[in-house]
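Colleague: here is my input, please return the structure:
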Amino acid sequence: KGDIVVKNGDIKVEGEVDGNITVINGQYMASTAVVTGQVEEIDEAFEWLWYKMKSSGQSFLALFE
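Modeller: Predicted coordinates for the structure are as follows:
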């Protein structure tokens, strides 16, 4: 349960993930995996910057919930 973030590496999912998977400068591999959230692969600097801005904004908004 929970989100998984992998930086500069690969992830191979062989089971179930109840959350999002984000792979930065790596690869997501799965054959029979079940992921209830989104899978996002980030390979470029601009995408990485956008991801950091988005996740920081979400963390900030969570303070008010």
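
Colleague: contacts and neighbour counts: CA atoms only from here.
Modeller: Will do.

Colleague: ranges for the strands of this protein?
Modeller: In the chain, strands defined by DSSP state E lie at 4-7, 11-13, 16-17, 21-24, 28-30, 34-35, 39-42, listed in chain order.

Colleague: what's the least confident stretch among those strands?
Modeller: Looking at the strands of the chain, the lowest mean pLDDT belongs to strand 39-42 (a mean of 86).

Colleague: and that one, what does it pack against?
Modeller: With contacts defined as 3 or more Cα pairs under 8 Å, 6 or more residues apart in numbering; DSSP states H and E, strand 39-42 has these neighbours: strand 21-24.

Colleague: quick one: strands adjacent to the strand it packs on?
Modeller: Each strand pairing with strand 21-24, determined using DSSP bridges, is listed with its direction: strand 4-7 (parallel), strand 39-42 (parallel).

Colleague: make a markdown table from these and add distance to A30 to it.
Modeller: Below are the strands paired with strand 21-24 laid out as a markdown table (distance: least, Cα to Cα, whole Å):
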| stretch | distance to A30 |
| --- | --- |
| strand 4-7 | 14 |
| strand 39-42 | 11 |
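
Colleague: need the winner for burial among these.
Modeller: Each of these was assessed for mean neighbour count using mean count of other Cα atoms under 10 Å. The highest is strand 39-42, with a mean of 16.
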